[in-house]
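J.: turn this into a structure:
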Amino acid sequence: MKKNLRLAAIVATFIGLAVSMYLAWTKISNQDVLCFEGMGDCNIVNASAYSMWRGIPIAFIGIIGYLFILLFLFLFSIPKVPSSGIILALFIFSSFGTIYSVYLTYVQFFIIHAFCPWCLMSALMMVTIFIISTIMLIKEYYR
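T.: Next up is the predicted model:
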């Protein structure tokens, strides 16, 4: 079960990383985001003030977050590394990522009044990682 949870977290992390990399590329290259007709307005979201934090594209922050999560998942597979600390770090990182993703989703729907399916996909992946890390944490501390 532990291996299946880790694999699911790795898959979700790679999807989130790919989405963040695509959004970062569109932001720095000033390209339109590929958004299917009737599925939102990615370019409004990507051009909004909320797509940056202190001059840094939010997608870059996503890339860094997903890379750290991958690092934790990699360290978790090393036998001599204490798993409880790694699981706790994964839980903390994914908690912050989930809270920020929920905030950005709120901003899309209630402030910008536009949404980006790519952003929602990244948020879904972060929530998935958070749920998996919560299950792993519970299993680790209550076994």
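J.: and the next helix or strand past the lengthiest helix in the chain?
T.: As assigned by DSSP state H, the longest helix anywhere in the chain is helix 2-28. Using DSSP states H and E, the helix or strand that follows helix 2-28 in sequence is helix 42-47.
J.: centre-most residue in the protein?
T.: The centre of the chain sits closest to Met126, judged by C-alpha atoms, centre = their mean, with a distance of 3.8 Å.
J.: pLDDT below threshold where in this protein?
T.: Applying pLDDT under 70 to the chain picks out residues 1-2, 39, 143.
J.: re earlier: and the longest helix of the chain, which residues are buried?
T.: 5-6, 9-10, 12-13, 15-20, 22-24, 26-27 (16 or more other C-beta atoms under 10 Å). C-beta here means a position set from N, CA and C on the backbone, and glycine is covered the same way.
J.: one step back: and the residue nearest to the centre of the chain, that's in a helix?
T.: Yes: under DSSP: H, G, I helix; E, B strand; the rest coil, Met126 falls within a helix.
J.: roughly how far apart are the residue nearest to Cys119 when sequence neighbours are not counted and Tyr142?
T.: Leaving aside its sequence neighbours, Cys119 sits nearest to Val45 (C-beta to C-beta, 6 or more residues apart in numbering; 6.1 Å). Val45 is 40 Å from Tyr142, where distance means C-beta to C-beta, to the nearest Å.
J.: of these two, which one has the most company?
T.: Val45 (25 against 6; other C-beta atoms under 10 Å).
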